[in-house]
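Engineer: Need a 3D model of the following:
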Amino acid sequence: ETKRKAAFGSVGRRIPYQILHVINQDGESLGNMHRAEALRLMDQHDLKLVLLRENAEPPVYRLMTGQQIHEEQLKRAEKKKASPKPGVVQKELSFSSAIAKNDLETKTKQIARWIEKKYHVKVTIRQAK
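Structural biologist: Coordinates of the predicted model:
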């Protein structure tokens, strides 16, 4: 049993709600309708109903083609990759602009070690008086 969460809520015929807000494949709102009417539209146009927002009242579903569903899943995967991961360690180093040469070399080596360990490094340089 996998614990991976699907990119979308329900896709297809398993819809637990009676009244839905439906958006067509072009992004235009079709308004609120009964589940049976939405399923009939889905069958007529050979599309799938995809849950977009469950917390809305009524829940928002969109009619999509298989290609649109695939593209949306790719977009969400890219967005998830771009977001920072909770386990990422960020190291911060700050020093003055009047730092001595060997102190600067030491701190540079430290930064290189952190980068090798895949840490995110933030460097702050303060202006000397």
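Engineer: partners of the nearest residue to Leu47 once chain neighbours are set aside in the sheet?
Structural biologist: Leaving aside its sequence neighbours, Leu47 sits nearest to Leu63 (CB to CB, 6 or more residues apart in numbering; 4.3 Å). Yep, even glycine has a C-beta here, placed from its N, CA and C like the rest. Beta-bridge partners of Leu63, counted by DSSP bridges, are Leu49.
Engineer: What mean pLDDT does stretch 122-129 get?
Structural biologist: For stretch 122-129, mean pLDDT rounds to 86.
Engineer: For that stretch, C-alpha coordinates in PDB please.
Structural biologist: Provided in PDB are the C-alpha atoms of stretch 122-129 (Å, rounded to 0.1, in the frame of the first residue of the first chain):
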ATOM      1  CA  LYS A 122      23.600  32.200   3.000                       C
ATOM      2  CA  VAL A 123      26.500  34.700   3.100                       C
ATOM      3  CA  THR A 124      26.100  38.100   4.600                       C
ATOM      4  CA  ILE A 125      28.800  40.800   4.300                       C
ATOM      5  CA  ARG A 126      28.700  43.700   6.700                       C
ATOM      6  CA  GLN A 127      30.400  47.000   5.800                       C
ATOM      7  CA  ALA A 128      33.300  47.900   8.000                       C
ATOM      8  CA  LYS A 129      33.100  51.100   9.900                       C
END
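Engineer: so what's Tyr17 up against?
Structural biologist: 35, 58-59 (CB atoms under 8 Å, 6 or more residues apart in numbering).
Engineer: Wasn't it part of a helix?
Structural biologist: No - under DSSP: H, G, I helix; E, B strand; the rest coil, Tyr17 sits outside any helix and is assigned coil.
Engineer: where does it land on pLDDT?
Structural biologist: 83.
Engineer: roughly how far apart are it and Lys122?
Structural biologist: 46 Å (CB to CB, to the nearest Å).
Engineer: One more: Gln67?
Structural biologist: 41 Å.
Engineer: Could you do Leu30 as well?
Structural biologist: Counting by CB to CB, the gap from Leu30 to Lys122 is 48 Å.
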